[in-house]
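Asks: give me coordinates for this.
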Amino acid sequence: MADPIGKTLWFILGNFTLTFLVLGLIVSLTAIARVPKPVGAALVIEKLLSWFLFFSVGVSYLYNAVFHIFFGQLAASFIGWADSPFQFEVGTASLGMAVGGFLAAFRSFDLRLGVLVPFSIFTLGAAIVHVYQLAKTGNEAPGNAGVMLYTDFAVPLFGLVLLWLQWSHGRPGIEEPSCRGR
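Replies: From the prediction side, this is the model:
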């Protein structure tokens, strides 16, 4: 793939977790810029968390589901693994997380917590497997090492930090005493 457009598209599509994180940040910043000033911390956190859930959980894991369900052999080779029926299982788990991300994006703190915790466990678990495969077998496939590996750690941690910030700052105009303890 010598042409720069092809390389750029391959990077964007092959590193979809980074792509959708950045896209979510761009949409968040645009939404924040469009709000009447002054903008409080709670509103900034709300916009960041909403669009994080929509893009980094919803869209990203819908993309992941499509590849594992319909293009299992391609998904497996991208990770450096052999194709197996397990691709379908990973795909349906990803589809469940995607639906959860879409539902939680603009809903309650409790729903966001209920989606982000299992998403983070799954993604951090995948990161641990990727590190193990890298160390044990030298698997440096793009879906096992590099950007994908880093985002398997960074994306869920970023989401959990946003969730904690929302818990500590609250949501703009919404009081949720059951989850904030106030």
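Asks: mind giving me the packing neighbours of the helix ranked longest in the chain?
Replies: Scanning the chain for the longest helix, with DSSP state H as the assignment, gives helix 109-137. On a contact count with 3 or more C-beta pairs under 8 Å, 6 or more residues apart in numbering; DSSP states H and E, helix 109-137 meets helix 86-104, helix 147-169, helix 177-180. Heads up, the C-betas are built off the backbone N, CA and C, glycines and all.
Asks: got the phi and psi for Arg171?
Replies: Note on Arg171: backbone dihedrals following degrees, to the nearest 10 are phi -110, psi 140.
Asks: number of nearby residues for the closest residue in space to it that isn't next to it in sequence?
Replies: Nearest non-adjacent residue to Arg171, counting by C-beta to C-beta, 6 or more residues apart in numbering: Glu46, 5.5 Å away. As a burial measure, Glu46 scores 25 neighbours (other C-beta atoms under 10 Å).
Asks: in a strand, Glu46, correct?
Replies: No. If the criterion is DSSP: H, G, I helix; E, B strand; the rest coil, then Glu46 is helix and not within a strand.
Asks: so what's the residue nearest the centre of the chain up against?
Replies: Residue closest to the average C-alpha location in the chain (C-alpha atoms, centre = their mean): Ser56, at 3.0 Å. Each residue near Ser56 by C-beta atoms under 8 Å, 6 or more residues apart in numbering is listed here: Thr17, Phe20, Leu21, Gly24, Gly101, Val155, Phe158, Gly159.
Asks: among these, who's most crowded?
Replies: Gly24 (27 neighbours).
Asks: and that residue, what pLDDT?
Replies: With respect to pLDDT, Gly24 scores 98.
Asks: the host helix or strand of it packs against which elements?
Replies: Assigned by DSSP states H and E, Gly24 belongs to helix 16-33. Packing partners of helix 16-33 (3+ C-beta pairs under 8 Å, 6+ apart): helix 41-52, helix 60-70, helix 147-169.
Asks: what angle sits between the last one and helix 86-104?
Replies: Going back to what we said before, that points to helix 147-169. 30 degrees (axes from the mean of the first three to the mean of the last three C-alpha atoms, to 10 degrees).
Asks: buried ones in helix 147-169?
Replies: Neighbour counts using 16 or more other C-beta atoms under 10 Å place 147-149, 151-156, 158-160, 162-163, 165-167, 169 of helix 147-169 among the buried residues.
Asks: equivalent analysis for stretch 109-129, please.
Replies: In terms of neighbour count (16+ other C-beta under 10 Å), stretch 109-129 has its buried residues at Phe109, Arg112, Val115, Leu116, Phe119, Ser120, Phe122, Thr123, Leu124, Ala126, Ala127.
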